[in-house]
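Colleague: give me a 3D structure for the following:
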Amino acid sequence: MKRILFTFAIISMFLGSLVFTSCGGDGNTTDNDSTDVVTDQGPAPGEVPFDFPTVGTTAKAGEYVLAPSYAFIEDAWADVAEDMTPSFIFYSAKMLEPGNVESKLSQISDDVMIPNSLIIPIPAGQQAHVGDMVLTWWQSGSGLERGIVVDDTDPSQPVVVYLDASYDELGEEEEQLEANSFVVLTGDWQPGTSIAYEGDYDYEHWTVIRVEGDKVLAKGWAGSTKVLEKSKCTPIPVTLDVAVGDVIQIPYIGSYQNGTVIKVDAARARVWVETEWAGTIEEEAVCIGDITKGLTIAD
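Modeller: Numbers count the residues shown, from 1 in each chain. Prediction:
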């Protein structure tokens, strides 16, 4: 009888140890157990959710820059994980500490680290004159904007008409820029200038953020942001002489199409164009800096 009870006790202890181990109570952890632990360390310094290298910056401490908010960048990683194209809005910020691949910016009330590839420098000490196109932000609102200078009484604080907002929204409204808050646009591939990207079906309108080798980090329709092949991009001239009757290419709902010039206001860098959309003739007010004569587009 004692042998039966002893045997039963041994079996009970063995079964109890199996139950305890299956619930994680055994302190002896095998190598296989350790492989189940995954640590997410997040992106590396300067890394962005695009196929784009880490880069330096020319922005200096105390200067204005344009950059997306940290929250937009966090959302972008989630979008890319779900095969969605991220959207960014570029706001003004102050450079605090420039770094090799990322920099500390002051955004509203927060100090944040932003990858340098997403930072557009605004060098201090710029001056602009009537007819110059500048990159800045909508200073009585927010967000990246180009402007055409219409008054250079003080070249360090020129008066501009904004160009990226629709003509219906801001029209010919003028605003004086703060000193050190703009950069003059003079040539191809500068951040803030336009490009036409040869997509699968048409030429798409994009704005340059950063160029590195054959990669162009660019912002497009509704703020969508992606990396384009530079070899498939055509830079759009900052200035272009056009006259009534000229056939030009204009961006319309994110893509380039042909249009005929019906009115020109060169002083405010605006051109009115008739273009066909869905079988009807539409009249559009577009800005010089977005238009070109160099694209071959079938009607």
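
Colleague: which residues of the stretch 151-299 of the chain fall in helices?
Modeller: 167-170 (DSSP state H, counting those that start in this stretch).

Colleague: okay, how far is it across stretch 195-206, tip to tip?
Modeller: Using CA to CA, to the nearest Å, the gap from the first to the last residue of stretch 195-206 comes to 5 Å.

Colleague: mind listing what's buried in it?
Modeller: Buried residues in stretch 195-206, counted by 16 or more other CB atoms under 10 Å: 195, 196, 197, 198, 202, 203, 204, 205, 206. For every residue, glycine as well, the C-beta is placed using N, CA and C.

Colleague: next one: the first one from residue 207, what distance?
Modeller: Computed as CB to CB, to the nearest Å, the residue 195 to residue 207 distance reads 8 Å.

Colleague: hey, what's in contact with both of those two?
Modeller: Taking CB atoms under 8 Å, 6 or more residues apart in numbering as the criterion, residue 195 and residue 207 both touch residue 218.

Colleague: can you list contacts of stretch 276-285?
Modeller: With CB under 8 Å, 6+ apart, stretch 276-285 has contacts from 166-168, 250, 252, 257, 259, 262, 270-275, 299.

Colleague: now that stretch: mean pLDDT?
Modeller: In this model, stretch 276-285 has a mean pLDDT of 91.

Colleague: go on, stretch 108-125?
Modeller: On average, stretch 108-125 scores 95.

Colleague: ends of it, what's the gap?
Modeller: Taking CA to CA as the criterion, the two ends of stretch 108-125 lie 23 Å apart.

Colleague: mind listing what's buried along that stretch?
Modeller: 112, 113, 114, 115, 116, 117, 118, 119, 120, 121, 122.

Colleague: and those, which is closest to residue 152?
Modeller: Residue 152 lies nearest to residue 122 out of those, by CB to CB, at 18.2 Å.

Colleague: so what pLDDT did the closest residue to the closest one other than its chain neighbours get?
Modeller: Of all residues not flanking residue 122 in the chain, residue 64 sits nearest, at 4.2 Å (CB to CB, 6 or more residues apart in numbering). With respect to pLDDT, residue 64 has a value of 98.

Colleague: repeat for residue 8
Modeller: pLDDT, residue 8: 40.

Colleague: which non-adjacent residue is nearest residue 153?
Modeller: residue 159 (7.7 Å).

Colleague: ok, that neighbour - contacts?
Modeller: Per CB under 8 Å, 6+ apart, neighbours of residue 159: 149, 150, 151, 152, 153, 174, 175, 176, 177.

Colleague: partners of the helix or strand the second one falls within, with directions?
Modeller: Element membership of residue 150 [criterion: DSSP states H and E] is strand 144-151. Strand 144-151 has these partner strands in its sheet, going by DSSP bridges: strand 133-137 (antiparallel), strand 159-162 (antiparallel).
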